[in-house]
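I'd like to go over a predicted model; first the sequence, then the structure.
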Amino acid sequence: MSAFPETSATLLVKLAAQVTGEDEANWMRFADLYVPAMRDFARGHGDPSQADDVVQEVLARLVALFRGNRFQVRDGVGNFRAYLATMIRNELYAAFRKEQARGGGRTVPLDEADLVDSGESVTAALDLEWAAARHRAAVEHALTKTLLSKQNREIYRAYVLEERDIDDVARAFGVPRNQVSQVKTRVGRMIAALEAELGD
């Protein structure tokens, strides 16, 4: 069974404290936890080919904020999640504007009103989109970076992700129905714990 990452609030406090000797390990943990969801979120809001560059820019800005003592950790991680999503969207918009200024053509046009946080409806949309990105990243992490057996990974994929019938999955893998249900429950708990690390 995999050891799940620390809570985001704890990790953010450690990043803000910049504990000597632990700083690099904390940033590695942050990247392992957040980058997949950040990349997925960025791909959903602009040119997918620029998602990695945008994520790197946002990470560089975050490192500068934390190391410059310009970031304060407040209660809970929900505020950080909204802040991070807004940073990604604003960075996507900045990249779009730079490309437009150079005369480059984008296959995915970006709408300024869609990228700049301008009210409750945009914040609500951000929350929904971040939740979806967070879930996809947690599923991917659970299925690729944990000590699940190959069979359990494949059972989960077939039953939950591919939505195959439980009897069909049980027959295909030569296991009883209750084992298929147990895999779904076990992996579901892992995913829920990983999602919790990324904030509400």
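Thanks, I have it. Numbering: from 1, shown residues only.

tell me which element the residue nearest to residue 159 when sequence neighbours are not counted is part of?
Counting by Cβ to Cβ, 6 or more residues apart in numbering, residue 169 is the residue found nearest to residue 159 once chain neighbours are left out, at 4.6 Å. Bear in mind the C-beta positions are built from the backbone N, C-alpha and C, glycine included. Using DSSP states H and E, residue 169 maps to helix 166-173.

flag every buried residue along stretch 177-187.
179, 180, 183, 184, 187 (16 or more other Cβ atoms under 10 Å).

that older thread, give the buried residues for the helix holding residue 169.
169, 170, 173.

nearest residue to the last one other than its sequence neighbours?
Counting by Cβ to Cβ, 6+ apart, residue 173 lies nearest to residue 155, which is 5.6 Å off, once chain neighbours are set aside.

name the helices or strands packed onto whatever helix or strand the one you found lives in?
Using DSSP H and E, residue 155 sits in helix 150-156. Secondary-structure packing of helix 150-156 (3 or more Cβ pairs under 8 Å, 6 or more residues apart in numbering; DSSP states H and E): helix 166-173, helix 177-197.

nearest spatial neighbour of the residue most central in space within the chain, chain-adjacent residues omitted?
With distances taken as Cα atoms, centre = their mean, residue 37 lies nearest the centre of the chain, 1.9 Å away. Excluding its sequence neighbours, the residue lying closest to residue 37 (Cβ to Cβ, 6+ apart) is residue 137, at 3.7 Å.

hmm, the one you found is touching residue 43, no?
No. The pair residue 137 / residue 43 is not scored as a contact, 11.6 Å apart, by Cβ atoms under 8 Å.

neighbour count: the two, which is higher?
Each of residue 137 and residue 43 has its neighbours counted (other Cβ atoms under 10 Å); residue 137 has more, 23 against 19.

re the thing from before, possible to save the helices and strands packed on helix 150-156 as CSV with distance to residue 51?
Formatted as CSV, the helices and strands packed on helix 150-156 follow (distance: least, Cβ to Cβ, whole Å):
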stretch, distance to residue 51
helix 166-173, 33
helix 177-197, 20
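
in a markdown table, list those helices along with mean pLDDT and distance to residue 128.
Putting the helices and strands packed on helix 150-156 into a markdown table (pLDDT from 0 to 100; distance: least, Cβ to Cβ, whole Å) gives the following:
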| stretch | mean pLDDT | distance to residue 128 |
| --- | --- | --- |
| helix 166-173 | 96 | 29 |
| helix 177-197 | 90 | 14 |
